[in-house]
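> Sequence first, predicted coordinates after that:
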Amino acid sequence: MHTDLDPAAHAQARRRFWALAVGSVGVVFGDIGTSPLYSFREALGQAGGITDAAVMGVVSLALWALILVVTVKYVLFLMRADNNGEGGVLSLAALAEAAVGRRTPLIFALSVTGAALFYGDAIITPAISVLSAVEGLRTVPALADHISQGMVIGASIAILTGLFLVQSRGTAGVGRWFGPICILWFVAIAAIGVPHILANPEVVSAISPHHAVNFLLHHGLAGFFVLGSVFLTVTGAEALFADMGHFGRWPIQASWLFFALPALVLNYLGQGAFALHHIATANGQPVENADWFFQMTPVLFRAPMVLLATMATVIASQAVITGAFSLTNQAIQLGYLPRLTVLRTSETMAGEIYIPQITLLLAIGVVLLIGVFHSSSGLAHAYGLAVTGTMVVTTCLAFIVVTRKWRWPLWGAIALVGPMLVIDTIFLGANALKLLSGGFVPVAIGAALFFLMATWARGTDLVRRRSERDTPLLADIMPILASRSVHRVPGTAVFLTSDPSRTPGALLHNLKHNKVLHLTNLILSVRTAQTPRASPAEHVEIERLSDDFTKIVLTYGYMETPNIPRALAGLRKQGLKLDIMSTSFFVGRRTIVHAPHSLLPAGMDRLYIWMSKNAADPIDFFRLPPGRVVELGTQMSV
């Protein structure tokens, strides 16, 4: 019976769809959903005076940013450029590499730039989101005189410290509340906007783009500054693409088009209508910029709205922290970063991981930012540049995918991607004006991480080439290994190597120093595919080299974490009998030392040595049983 004729299957599919749609509201839209807290206020504050034309222009720019950048570019276009269901800048880079057939310098530079800038976003988002929510306490009449900015800063740091402390417990327990809380948030922000729209219906005409165009034409440089702040309305757009693998394309698209987007439109129109009302009742007096979001909330509901906003911003912060974990895991697998300690926090959800080093760095960065900038308005100057940079990178990678993988003609690719790149570049230029007033923060973070990743990739490539030069081919040494003159001992030896065509260094040292071989020897290599998850067909390659030597290549996707003992246990079905208690894992421990004439640029050599020393132990990374591991060390100079 076909599934489309089975009512039970239909009902189950609908339930799953709605469950994913609700979940996506809680994870995917947390960042972009909390941007009304500060984006309209910051954009209007850059207009050089609050007038009817300024309000209508800012609202129109915000609405069209949501339409062109989020809806057209991400929801309708980029979500089609997925890598086996996975999105994000590194997934798109892997797709581009597969389309071109190799990792070109351009693709490498784009992917590392996008990944590095994302970390800047991951540090700023929790700080600005939670600060803007807690600042709402100062709009509650009963609390306004008792809440100082110092108290706001202290409360924000306390909330975020608690959030970072619970990361090791995983998000499974609280994750089920994300969707309902964010649904309530979107309903609330729409509800507080509607009464003001009904009171000032002329604000609806801001949907016409001529208001945005007229504003930019008549405000000169100020209009460009406003454009930079308007971009704050779309800062969570990358999450739509990056989290596609968790929820699927259709649930995210449906949640955005029919729920999140309408709620955001109603809220921005409501803030604009509220500002127009203030201008009309000012009797010609200048109107000061205000916290429009909380001020337009009825006084009776203002304190509950602050509480709801705080929960929503914590969820937005959690989403970007989880995204940083996922991106780091991908970067490790793709060779952009050294091995780090990756811990699983769920037995059932593969995507739930915890990386202690990243948590500590993010926590330190967030606290420092709050301590330096003090307020969400101060942080708004630092926000945006990292996101616009990532968006430019994403568009460039999409152009490569469209032309090389989809085989579109050049004129068609330019016609589609060209306007998107123009819009991204304009937003990048507008945010670049904030470089000296705070925009240098994500640029500095991104530059440092780019140098870090480039150093690791270049150093690893140099070590690989040195190793190939100094290590004989496995095929050349097999006659010696097959010789019965070498003493044999019972059991199985597994020799790990990064290049399955070369003789593992641990095997050579074992022969040289111990002068023995086991009765069964496995040459094991782990490689990373350009797909999120390896298919069963490519997961294992087994080649019988001789009666006592077998070569095994395990392939993992860049979203997976290798587990060698589990993989070897699964090979019993293919005739490979392995008793883990009589198996020894031989790991080559390579110590990198400084060479008098290093081939790496100045600074890179010592940084690479430091990174290699602090990389996670391969025993832990590959889940090897510690009591069955033998390490044999060598030195290599770079």
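That came through, no problem.
> And the strands in the stretch 1-150 of the chain, which stretches?
With strands called from DSSP state E, counting those that start in this stretch, the stretch 1-150 of the chain shows none.
> For it, give me the ranges with low pLDDT.
Where the stretch 1-150 of the chain drops to pLDDT under 70, the residues are 1-5.
> how about the helices in it?
According to DSSP state H, counting those that start in this stretch, the stretch 1-150 of the chain carries its helices in the segments 7-27, 30-33, 39-45, 52-65, 89-100, 105-134, 149-165.
> Show me what the fourth one is packed up against.
Translated: helix 52-65. helix 39-45, helix 210-230, helix 261-280 (3 or more C-beta pairs under 8 Å, 6 or more residues apart in numbering; DSSP states H and E). Every residue, glycine included, has its C-beta placed from N, CA and C.
> what's the answer for the longest one, then?
For helix 105-134, the helices and strands in contact under the criterion 3+ C-beta pairs under 8 Å, 6+ apart are helix 89-100, helix 149-165, helix 299-333, helix 356-373, helix 376-380, helix 385-400, helix 440-470.
> any chance of the ones you listed in a markdown table, with distance to Gly412 and mean neighbour count too?
Output for the helices and strands packed on helix 105-134, formatted as a markdown table (distance: least, C-beta to C-beta, whole Å; neighbours: other C-beta atoms under 10 Å):
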| stretch | distance to Gly412 | mean neighbour count |
| --- | --- | --- |
| helix 89-100 | 16 | 24 |
| helix 149-165 | 45 | 16 |
| helix 299-333 | 30 | 22 |
| helix 356-373 | 40 | 18 |
| helix 376-380 | 38 | 22 |
| helix 385-400 | 11 | 25 |
| helix 440-470 | 32 | 17 |
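> Export those helices to TSV and append columns for distance to Gly418.
As requested, the helices and strands packed on helix 105-134 are exported to TSV (distance: least, C-beta to C-beta, whole Å):
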stretch	distance to Gly418
helix 89-100	18
helix 149-165	40
helix 299-333	28
helix 356-373	35
helix 376-380	30
helix 385-400	9
helix 440-470	25
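> Any idea which of these has the lowest pLDDT on average?
Set side by side, the helices and strands packed on helix 105-134 give their lowest mean pLDDT on helix 376-380, at a mean of 81.
> still on that earlier bit, go through the helices and strands packed on helix 52-65 and find the least confident stretch.
helix 210-230 (a mean of 85).
> now the following helix or strand past that one: mean pLDDT?
Following helix 210-230 in sequence order, the next helix or strand is helix 237-242 (DSSP states H and E). Per-residue pLDDT over helix 237-242 has a mean of 77.
> what's helix 237-242 in contact with?
Helix 237-242 is contacted from outside by 27-32, 69-70, 73-75, 78-79, 87-89, 91-92, 118, 121, 252, 256, 319-320, 323, 326-327, 387, 390-391, 394, using C-beta atoms under 8 Å, 6 or more residues apart in numbering.
> The same query, at a cut-off of 7 Å, please.
28, 31-32, 69-70, 74-75, 78-79, 87-88, 252, 256, 319, 323, 387, 390 (C-beta atoms under 7 Å, 6 or more residues apart in numbering).
> Over to stretch 135-151?
By C-beta under 7 Å, 6+ apart, stretch 135-151 touches 152, 291, 294-295, 299, 302-303, 305-306, 309, 374-376.
> same thing with stretch 498-509?
When contacts are defined by C-beta under 7 Å, 6+ apart, stretch 498-509 is touched by residues 468, 471-474, 477, 495-497, 523, 525, 551, 553, 586-588, 632, 634.
> From those residues, which land in helices?
Residues of these located in helices (DSSP state H): 468, 474, 477.
> Next up, the contacts around the first one.
I take that to be Glu468. The contact partners of Glu468, by C-beta under 7 Å, 6+ apart, come to 499, 502.
> rerun that using 10 Å as the cut-off
Neighbour list for Glu468: 499, 501-502 [criterion: C-beta atoms under 10 Å, 6 or more residues apart in numbering].
> Go through these and name the one nearest Val166.
The shortest gap between Val166 and any of these belongs to Asp499, at 41.2 Å (C-beta to C-beta).
> how close does the closest one get to Val638?
For Asp499, the distance to Val638 (C-beta to C-beta, to the nearest Å) stands at 18 Å.
> The two: who's more crowded?
The residue with more neighbours, out of Asp499 and Val638, is Val638; 20 against 15, by other C-beta atoms under 10 Å.
> measure the more buried one to Leu632 for me?
20 Å.
> got it, and Ala569?
For Ala569, the distance to Leu632 - C-beta to C-beta - is 25 Å.
> Who has more neighbours out of these two?
Under the neighbour definition other C-beta under 10 Å, Ala569 and Leu632 were set side by side, and Leu632 has more, 19 against 13.
> could you list every residue that touches the more buried one?
Contacts of Leu632 (C-beta under 10 Å, 6+ apart): 495, 504-510, 512-514, 586-589.
> Narrow these to those in strands?
495, 586-589 (DSSP state E).
> Could you export those residues as TSV, including neighbour count?
Output for the ones in strands among the contacts of Leu632, formatted as TSV (neighbours: other C-beta atoms under 10 Å):
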residue	neighbour count
Phe495	26
Phe586	23
Val587	22
Gly588	20
Arg589	14
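> Tell me which two of those sit farthest apart.
Largest separation among the ones in strands among the contacts of Leu632 by C-beta to C-beta: Phe495 and Arg589, giving 13.1 Å.
> What residues sit buried inside stretch 99-117?
By 16 or more other C-beta atoms under 10 Å, the buried positions in stretch 99-117 come out as 99, 103, 107-108, 110-117.
> likewise stretch 13-20?
The neighbour-count check on stretch 13-20 (16+ other C-beta under 10 Å) flags Leu20 as buried.
> Centre of the chain to that stretch, how far?
25 Å (C-alpha atoms, centre = their mean, to the nearest Å).
> tell me which of the buried residues of stretch 99-117 is nearest to Leu44?
Leu117 (26.8 Å).
> can you put the contacts of Glu468 in TSV and add pLDDT?
Formatted as TSV, the contacts of Glu468 follow (pLDDT from 0 to 100):
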residue	pLDDT
Asp499	83
Ser501	85
Arg502	85
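> which one of those sits closest to Arg623?
Asp499 (21.4 Å).
> Now tabulate the contacts of stretch 135-151 in a markdown table and tack on distance to Ala382.
Shown next, in a markdown table, are the contacts of stretch 135-151 (distance: C-beta to C-beta, whole Å):
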| residue | distance to Ala382 |
| --- | --- |
| Val152 | 18 |
| Asp291 | 19 |
| Phe294 | 22 |
| Gln295 | 25 |
| Val299 | 32 |
| Arg302 | 28 |
| Ala303 | 29 |
| Met305 | 26 |
| Val306 | 24 |
| Ala309 | 21 |
| His374 | 12 |
| Ser375 | 12 |
| Ser376 | 11 |
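> quick one on the thing from earlier: can you select the buried ones from the contacts of helix 237-242 in PyMOL?
To isolate the buried subset of the contacts of helix 237-242 in PyMOL, counting by 16+ other C-beta under 10 Å, use the following:
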select buried, resi 28+31+32+69+70+74+75+78+79+87+88+252+256+319+323+387+390
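> Fine by me, we can end here.
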